[in-house]
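> What follows is a predicted protein model with its sequence.
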Amino acid sequence: MPSTPSPNPSIPIPVKRLPHFEGLELPAYATDGAAGMDVLAAEDVTLAPGARHAVATGIAVAIPHGFEIQVRPRSGLALKHGITVPNTPGTIDSDYRGEVKVILINHGVEAFDVRRGDRIAQLVVAQVTKGTWLKVDELDETQRGEGGFGSTGGVVALGN
Ligand SMILES: O=c1ccn([C@H]2C[C@H](O)[C@@H](COP(=O)(O)OP(=O)(O)OP(=O)(O)O)O2)c(=O)[nH]1
Ligand SMILES: [Mg+2]
C-alpha cells in the first residue's frame, strides 16, 4: 500500500521586497519534496575565475526566533560551472534585517555571467538548538577518544 507522505512542517516568514526586487519572484521550492527554496539574483554580475561576490537577492526577512535560513549552493552550478557558496551553508540569523545576499565564488576556469532572475542558490529553513556550556574537569571516555582527522583510516574501504 503506498504510504501517504506526511506534510512538511512550515512556518510563515515575513519577507520585505526591496525596490530592486521589482519584477522578480520570491524564492520557491522547485518540487514538493525540495529541501530548499531556489533564490534568484537581483543583479547582473560577471564572476571571473577565482572571483567572488555577495549577490543581491532583493529581499529582507524576519525569521521567527528559534529558526535560521541556510544558504546552500546549487549542485548543477557547482558541477557544470564551478560556481559555489564559499561560506556554505551561509547563515541568515533570525535577528538580521538587512538584504539577504548570496556569496558566490567561481572555482571554474571560465568567467561566469550571473543574470538578474537566475536561480543562484537555495535557502533551507532550519530550527536552531542552542547550547549552554556545562563546565567539567573531565569528559567521559569513548572508543574514539582524541583520535580524529583520519584516525580511523584513509580512503580505502574497511575490510580491504
Ligand atoms: O551568506 C550569507 C551569510 C550572511 N548573511 C547575512 C545574514 C547574517 O545574519 C549576517 C551575518 O552573517 P554571519 O554571522 O555569517 O557573518 P559574520 O562574519 O559573523 O558577521 P556578523 O559579525 O555581522 O555576524 O549576514 C547573508 O546575507 N548571506
Ligand atoms: Mg556572525
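Good, I have the coordinates. Ligands and ions are numbered 1, 2, ... in the order given.

> As a check, name the ranges of all strands in the chain.
With DSSP state E as the criterion, the chain has strands at 15-17, 28-29, 37-40, 45-47, 52-61, 67-72, 83-84, 90-92, 99-106, 112-114, 119-127.

> Where does the protein get nearest to ligand 1, which residue?
Gly90 (2.5 Å; CB to the nearest ligand atom). In short, each C-beta sits where N, CA and C put it, glycine included.

> tell me the pLDDT at that residue?
Note for Gly90: predicted pLDDT of 98.

> can you tell me which residues contact the nearest residue to it once chain neighbours are set aside?
Among residues not flanking Gly90 along the chain, Val71 sits closest, at 3.2 Å (CB to CB, 6 or more residues apart in numbering). Applying CB atoms under 8 Å, 6 or more residues apart in numbering to Val71 gives the contacts 39, 85, 87-92, 100, 102-103, 121-123.

> Which residues of the chain lie near ligand 1?
The chain comes close to ligand 1 at residues Val71, Asn87, Gly90, Thr91, Ile92, Asp93, Tyr96, Val100, Lys101, Ile103, as judged by CB under 6 Å from any ligand atom.
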